[in-house]
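Enquirer: Sequence plus predicted model, see below.
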Amino acid sequence: MDDILCESRTVNKTLAIINTSGLIYTYPGGREPSLVDVSLTIEKGDYVILTGPSGCGKTTLCRCLNGLIPHFYSGKLEGEIKVASLTVSEHSIYELAKHVGLVFQNPENQLFALSVEKDVAFGLENLGVPREDMRARVDWALQMTGIYDLRERAPHELSGGQQQRVAIACVLAMKPDIMVLDEPTSFLDPLGAQKIFEVIGDLNKKLGITVILVEHRLDLASKYANHVIVMDEGKVVLDGKPLDVFDSESARLIGVGIPKATRLYQALRQSGVYLNRVPVNSQEATLLLQEVLTRDRG
C-alpha cells in the first residue's frame, strides 16, 4: 500500500485550487535544492496537514504558495505553481495576497500596530479597501476568531494564544481562498493549541476556506483534516487520506508523529483485535472500541 500512497488519492482537477508540477527550488547560495520534484494537487475546501521531519522543505513549499518564492527569495525555481488559477511566477505578491494568506509560526513577527484592530486592518489598507468595507471586514474577522472584545488592546499585552488568533484574523479579514499556517501552535500549550485548531477548523467548515496547516501535533490537528501530505528531504513521499497515510509503514519509518489513536489501532491489530477502520483521533478510537465491546457482548 505504501508504494501507491502518493498516487492513490483521487483528485478532481477541475476543483483544484493548488497545483504544483515538477517543482524544484534552490535557495541563493544553496548547494542542494530544498524542494525536489514536488507535484501535488489540493482541491478547493481541503483541510491539509503538511508534515515531516524538520528541514524537509515544508516552510519552503509554503513560501512558494504565496509568491515569496520567487518574488522575494530569488534562488533558482523550476517547474510550475498554480494557485487559485494564477501562475505564481507571473503574478506579484500583491496579487497573490488577495487569494493566499500566510500565518507565521511566531505571531509576534506578524503584529506591530498599537491595537489589535489596527493590525487586522493593515492588510486591507495596503489593498486599498474602502473605509466602510474595511470596518465591516475587520469586525467580522475579529468576531470569527473570537477576539472582538480585544480589538482595542495592544498585541504585546496579549497571551500567545490570543496573539495567534489576531494573526489569523489579520489574514482572514482579507478573505483569502487559501489560508497557509506554518506551525501556528509551536509556542502554545496543548490547551491553547486545541483552541487554535478549533478556530481553523471552523473557518474551513463554515467558510469553505482551503487550509494548509504545517504541524507536528497530529493528535490534535488530525481531527479536522481530510488530506495529509508528508515531506522528507525536499520531496513529497506520502500524499493521501489521513487514515491511509498514518497507518502506513513509511510514515513510521520517516518519523512522523503518528496519532496515538492510530498507534493504538496498530497495537490492537497485532494482538488480534480488529477494528472496522483506522482511527486518527481519540473520538474515532473511542467509538470504534465501543463498537468492538458491543459486538463481543452480543
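Expert: Looks like it came in fine.
Enquirer: So what's the residue count around the residue nearest to Tyr27 when sequence neighbours are not counted?
Expert: In this structure, Tyr27 finds its nearest non-sequential neighbour in Gly75, 4.8 Å apart by C-beta to C-beta, 6 or more residues apart in numbering. No exception for glycine: its C-beta is placed from N, CA and C like everyone else's. When neighbours are defined as other C-beta atoms under 10 Å, Gly75 has 15 of them.
Enquirer: What residues does Gly75 make contact with?
Expert: Contact analysis of Gly75 by C-beta atoms under 8 Å, 6 or more residues apart in numbering lists Tyr25, Thr26, Tyr27, Pro28, Gly30, Ile69.
Enquirer: Show the average pLDDT along the strand or helix carrying Ile69.
Expert: Applying DSSP states H and E as the criterion places Ile69 in helix 68-71. What helix 68-71 shows for mean pLDDT is 95.
Enquirer: likewise stretch 130-149?
Expert: 94.
Enquirer: Could you check the pLDDT of Thr185?
Expert: 87.
Enquirer: my read: it touches Ala193, true?
Expert: Yes. Under the criterion of C-beta atoms under 8 Å, Thr185 makes contact with Ala193 at 3.7 Å.
Enquirer: overlap in contacts of those two?
Expert: By C-beta under 8 Å, 6+ apart, the residues touching both Thr185 and Ala193 are Arg217, Leu220.
Enquirer: Give me the more crowded residue out of those two.
Expert: More crowded of Thr185 and Ala193, by other C-beta under 10 Å: Thr185, with 25 against 22.
Enquirer: Now do the contacts for Leu68.
Expert: Contacts of Leu68 by C-beta under 8 Å, 6+ apart are Ile93, Leu102.
Enquirer: Please apply the same query to the one 3 residues further on.
Expert: For His71, the contact set (C-beta under 8 Å, 6+ apart) comprises Ser92, Ile93.
Enquirer: For Gly234, see how far away it is.
Expert: Distance from His71 to Gly234, counting by C-beta to C-beta, to the nearest Å: 21 Å.
Enquirer: Shouldn't Tyr25 be within a helix?
Expert: No. Secondary structure of Tyr25 (DSSP: H, G, I helix; E, B strand; the rest coil): strand, not part of a helix.
Enquirer: Report the contact partners of it.
Expert: Applying C-beta under 8 Å, 6+ apart, the residues near Tyr25 are Pro33, Ser34, Leu35, Thr60, Cys64, Ile69, Pro70, Gly75, Lys76, Leu77, Glu78.
Enquirer: Residues contacting the strand or helix carrying the last one, please?
Expert: For Glu78, the enclosing helix or strand under DSSP H and E is strand 76-83. Contacting residues not belonging to strand 76-83 are listed as 17-26, 33, 37-39, 64-66, 69-70, 87-89, 96, 99-100, 178 [C-beta under 8 Å, 6+ apart].
Enquirer: Just the buried subset of those residues, please.
Expert: 17-20, 23, 25-26, 33, 38, 64-66, 69-70, 88, 96, 99-100, 178 (16 or more other C-beta atoms under 10 Å).
Enquirer: thinking again about what came up before, min pLDDT across the contacts of Gly75, which one?
Expert: Gly30 (92).
Enquirer: contacting residues for that residue?
Expert: So Gly30 contacts Gly75 (C-beta under 8 Å, 6+ apart).
Enquirer: you'd agree it is in a helix?
Expert: No. Assessed by three-state DSSP, Gly30 does not belong to a helix; its assignment is coil.
Enquirer: For it, grab phi and psi.
Expert: phi -70, psi 140 (degrees, to the nearest 10).
Enquirer: about what we covered before: among the contacts of strand 76-83, which lie within helices?
Expert: Among those, DSSP state H puts Cys64, Leu65, Ile69, Pro70, Leu96 in helices.
Enquirer: Run a quick neighbour tally on the closest residue to the fourth one other than its chain neighbours.
Expert: Excluding its sequence neighbours, the residue lying closest to Pro70 (C-beta to C-beta, 6+ apart) is Leu77, at 4.5 Å. For Leu77, the count of nearby residues is 19 (other C-beta under 10 Å).
Enquirer: pLDDT value on Leu77, please?
Expert: 96.
Enquirer: if I look at it, how far off is Ile178?
Expert: 19 Å.
Enquirer: Before I go, just wanted to say thanks for your time.
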